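Student: whatever this is, show me its structure:
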Amino acid sequence: MSNIPVKDVTPKQQSMYQKREKIYVREIIGVFQKARTYTLWALMLAYYGVVWLNWDGRQAVYFDLPARQFHVFGATFWPQDFILLSALLIIAAFGLFTVTNLAGRLWCGYTCPQSAWSFLFMWVEERTEGTRNQRIKLDKEPMSLTKARKKGLKHSAWLFISLMTGVTFVGYFSPIRELIPDILVFNLNGWELFWIAFFTAATYINAGWMREQVCIYMCPYARFQSVMYDEDTLAVSYDFNRGEPRGHRSKKKDPAQQAQLGDCVDCSLCVQVCPTGIDIRDGLQYQCIGCALCIDACDSIMAKLDKPKGLIRYTTENELEGKKTHIMRPRLFGYAAVLTLMVGALVYALGTRTPFELDIERDRGRLYQLTPNDTVINSFTLKMMNMSQQANTYILSVDGLPAAEMEADSEYTLNTNEMREIALDLELDPSVAKLPSSKTNIEFVVVNKNSGEEVARVESRFIAPRG
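Tutor: Predicted coordinates:
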């Protein structure tokens, strides 16, 4: 019998889950890094600062859910203005489509909240734990007093930023100047406490621990962005023709061999600065968020080697292949046209928006009521909303049925952002005025007494027995 060992061919099980490899992002200074820093601090200033602004004695931006009023500086919006929010969301979507088709993922690299807070957390990490190499070395070291101090300082700063993020978010829905004292004396209601804790945890986990995992696996935009790309889209790209073959430069190597190398010295600096850990030299990848840090890194190396910048740059696929780039193309023109149309429609709607709303509901219990005097009564419930920033007096009347008597006041004074519910009866004597049919169209008309302007005209019906 042979003593040759039999090879084990038993299939091995392999997990489909790949453990995350921590990315140590290297800090780099450059044109695009500075541009993103400016946009980042502008976004942070807007988010944390606007909530503290006042406007006419109230918080400038305040979403009052119990009162169903949404104050944005000088304007107040109600649930009835939901169509404006829909238009705004459509504008945001087509704005994203237009920008992506023109210049790739600028939104992700410069203005996305996930990117903004992640870069802020990375900035804190750099200041508390040191440079990339120092952080790698620190993580490999056993726990010590120095390591615990640095880690504790970093996570304390992360938690503080996360807490301020959660408090600020809730401050847009609960007046911030009342919320802060309530926090200090532990006088929060259940919902305030829940949302502060939720957004604190979400910010801390997403920006501090998950980072690129959110962009790669959770964000849907990374998956469908390629639909909006074409050969003329500006994207962060590596010039393969100029950079290859890549290789290190050394005085010890043969100059003739080095002369045949491309401009890429294979320093891997572009990989070290990438927040998602990709190698841009492998081509366009869905993980790329367009932050352009690799451009700053490569340009810094090219400057040291006295070589032209732009080995990695914003360029198009056609340009890399030596073809002509077309700025205006049908897809971009279509996106921009829809975006312009929607912006114009929203501006027109806001400019012609009447700061008054009238809703009418008929009595659902009965269509009409017959009185002992043989008159017919229809009951209505009117909701009048003064959405302007001043008190106004309104005159209510009914058109289409002159002989009907309105059993309610004709004048109503509503304060700023006040909603008034009115029970109204219309009574008609058939012996005085014959109805043309059992259902007669009528209109409730509201006129602003101060300006004389008609602010609402809503159609309804007056119903009576047949014959």
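
Student: from here on, contacts and neighbour counts on C-alpha atoms
Tutor: OK.

Student: where along the stretch 301-450 of the chain do the strands fall?
Tutor: For the stretch 301-450 of the chain, the strands defined by DSSP state E, counting those that start in this stretch occupy 312-315, 356-362, 369-370, 376-386, 392-399, 405-407, 411-414, 419-428, 439-448.

Student: how about the ones you listed in CSV, adding distance to residue 226?
Tutor: Shown next, in CSV, are those (distance: least, C-alpha to C-alpha, whole Å):
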stretch, distance to residue 226
strand 312-315, 16
strand 356-362, 44
strand 369-370, 64
strand 376-386, 46
strand 392-399, 53
strand 405-407, 62
strand 411-414, 53
strand 419-428, 48
strand 439-448, 52
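
Student: as a markdown table, these with mean neighbour count and mean pLDDT would be great.
Tutor: Below are those laid out as a markdown table (neighbours: other C-alpha atoms under 10 Å; pLDDT from 0 to 100):
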| stretch | mean neighbour count | mean pLDDT |
| --- | --- | --- |
| strand 312-315 | 20 | 96 |
| strand 356-362 | 16 | 91 |
| strand 369-370 | 14 | 90 |
| strand 376-386 | 20 | 92 |
| strand 392-399 | 17 | 94 |
| strand 405-407 | 15 | 90 |
| strand 411-414 | 16 | 94 |
| strand 419-428 | 17 | 91 |
| strand 439-448 | 17 | 91 |
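
Student: out of the ones you listed, which is closest to residue 139?
Tutor: strand 312-315 (31.2 Å; C-alpha to C-alpha).

Student: that closest one - contacts with which helices or strands?
Tutor: The contact analysis (3 or more C-alpha pairs under 8 Å, 6 or more residues apart in numbering; DSSP states H and E) places strand 312-315 against strand 235-238, helix 293-304.

Student: identify the residues contacting it?
Tutor: Strand 312-315 has contacts (C-alpha atoms under 8 Å, 6 or more residues apart in numbering) with 233-239, 292, 294-295, 298-299.

Student: try stretch 255-264
Tutor: Contacts of stretch 255-264 (C-alpha under 8 Å, 6+ apart): 242-247, 249, 307, 311.

Student: equivalent analysis for stretch 215-235, please.
Tutor: For stretch 215-235, the surrounding residues in contact (C-alpha under 8 Å, 6+ apart) are 97, 100-105, 114, 286-287, 289-290, 313-318, 325-327.

Student: what number of residues lie near the nearest residue to residue 96 once chain neighbours are set aside?
Tutor: Distances taken as C-alpha to C-alpha, 6 or more residues apart in numbering place residue 107 nearest to residue 96, at 7.4 Å, with adjacent residues excluded. When neighbours are defined as other C-alpha atoms under 10 Å, residue 107 has 18 of them.

Student: tell me the pLDDT at residue 107?
Tutor: What the model reports for residue 107 is a pLDDT of 93.

Student: and what of residue 52?
Tutor: Looking at residue 52, its pLDDT stands at 97.

Student: ok, now which ones touch it?
Tutor: Counting by C-alpha under 8 Å, 6+ apart, residue 52 touches 59-60, 176-177.

Student: show the buried residues in the residues you listed.
Tutor: For the contacts of residue 52, a neighbour count by 16 or more other C-alpha atoms under 10 Å gives the buried set as 59-60, 176.

Student: sort out for me which of those residues are in strands.
Tutor: Residues of those located in strands (DSSP state E): residue 59.

Student: can I get the buried ones among the contacts of residue 52 in a markdown table with distance to residue 151?
Tutor: Below are the buried ones among the contacts of residue 52 laid out as a markdown table (distance: C-alpha to C-alpha, whole Å):
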| residue | distance to residue 151 |
| --- | --- |
| 59 | 38 |
| 60 | 39 |
| 176 | 31 |
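
Student: any idea how many residues pack against residue 84?
Tutor: With other C-alpha under 10 Å as criterion, residue 84 counts 17.

Student: begin at 59 from here
Tutor: Taking 59 as the first residue, the last one we looked at is residue 142.

Student: wait, doesn't it sit right on residue 404?
Tutor: Yes - using C-alpha atoms under 8 Å, residue 142 is in contact with residue 404, at 7.0 Å.
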